[in-house]
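Asker: Have a look; sequence and predicted model below, questions after that.
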Amino acid sequence: MLALQGDVREHAALLAGLGADVTLVRRPSELDAVDGLVIPGGESSVIDKLSRIFGLQRPIREAVANGMPMLGTCAGLIMLADRVTDAIEGQESFGGLDVTVRRNAFGRQLESFEAELEIPAFGGEAVKAAFIRGPVVEQVGPAASELASLPDGRVVAVEQGGILGLSFHPEITGETRFHRRFLDGVRARA
């Protein structure tokens with residue numbers, strides 16, 4: 001769990017509830033000790049700056065390139081996108097998902113909303129998704145796959161290999177299927 005900024009506690013509690021051993025990653029040595037990484041929601045420009053200050057940007061990029069499973073929610077999706085529009089000047093991402101995302105695509109905090117999403121890969125009942133100043137996926141490149149979109153067609157969940165990127169916050173609504181999918185990827189790689 002990348003623990004530089006954002007809703008770290010909520011993700012850690014959900015993962016622990018699923019039986020995972022959770023390590024808070026703030027240094028490269030801690031990243032070396034984990035088999036997968038969750039990048040939480042928060043502020044992507046702050047996560048970017050702090051990852052550079054703490055010497056994590058390059059090691060995370062290397063972990064992505066080496067196939068480490070990752071789950072990014074909201075700002076985490078932005079950090080895992082190969083291309084970001086509406087980024088602040090000088091903002092960088094870790095990359096890994098062949099997508100273009102737009103920051104804050106759903107507006108201000110007051111415009112937050114919840115929606116029911118059909119996730120064909122999950123089957124069964126819809127996912128309750130909480131959108132809080134989230135990004136939207138504007139373009140899905142050939143290496144990535146769409147997992148979910150809103151009824152108006154805006155893509156809000158993508159996957160590429162062992163990397164999942166979500167515009168919303170499943171950790172807030174108690175939705176566990178994305179974290180389970182992430183953990184399945186960690187186990188399969190180990």
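Answerer: Structure received.
Asker: buried sites along stretch 93-112?
Answerer: Residues of stretch 93-112 classed as buried under the neighbour-count rule (16 or more other CB atoms under 10 Å) are 93-103, 105-106. From N, CA and C alone the C-beta is placed, and that goes for glycine too.
Asker: swap that for stretch 8-24, please
Answerer: The neighbour-count criterion (16+ other CB under 10 Å) identifies 8, 10-12, 14-15, 20, 22 as the buried residues of stretch 8-24.
Asker: ok, the residues you listed vs residue 189, which is closest?
Answerer: For residue 189, the nearest member of the buried residues of stretch 8-24 is residue 20. The distance, counting by CB to CB, is 14.0 Å.
Asker: which ones are touching that closest one?
Answerer: Under the criterion of CB atoms under 8 Å, 6 or more residues apart in numbering, the contact partners of residue 20 comprise 183, 186.
Asker: thinking again about what came up before, from the buried residues of stretch 8-24, which land in helices?
Answerer: Helix and strand membership here follows DSSP state H; of the buried residues of stretch 8-24, those in helices are 8, 10-12, 14-15.
Asker: From the structure, what's the count of residues near the closest residue to residue 27 other than its chain neighbours?
Answerer: Computed as CB to CB, 6 or more residues apart in numbering, the closest residue to residue 27 that is not its neighbour in sequence is residue 54, at 6.3 Å. A total of 16 residues lie near residue 54 under the criterion other CB atoms under 10 Å.
Asker: these two touch, right, residue 54 and residue 5?
Answerer: No - Residue 54 sits out of contact with residue 5 when judged by CB atoms under 8 Å, with a separation of 10.7 Å.
Asker: which helix of the protein spans the most residues?
Answerer: With DSSP H setting the assignment, residue counts place helix 177-189 as the longest helix in the chain.
Asker: Is the most centrally placed residue in the chain in a helix, a strand, or coil?
Answerer: Taking CA atoms, centre = their mean, the centroid of the chain lies closest to residue 72, which sits 0.9 Å from it. In the three-state summary, residue 72 is assigned as strand, counting by DSSP: H, G, I helix; E, B strand; the rest coil.
Asker: again, but for residue 115
Answerer: Assignment for residue 115 (three-state DSSP): strand.
Asker: got the residue ranges for the helices in the chain?
Answerer: Under DSSP H, the chain gives helices at 8-17, 28-32, 44-53, 57-65, 75-80, 170-173, 177-189.
Asker: buried stuff in the second one?
Answerer: Read it as helix 28-32. 28, 30-31.
Asker: go on, the fourth one?
Answerer: Neighbour counts using 16+ other CB under 10 Å place 57, 59-61, 63-64 of helix 57-65 among the buried residues.
Asker: What of the shortest one?
Answerer: Under the neighbour-count criterion of 16+ other CB under 10 Å, helix 170-173 has 170-172 buried.
Asker: The longest one too?
Answerer: Within helix 177-189, the residues that qualify as buried by neighbour count (16+ other CB under 10 Å) are 178-179, 181-183, 185-186.
Asker: Since that was my last question, I'll sign off now.
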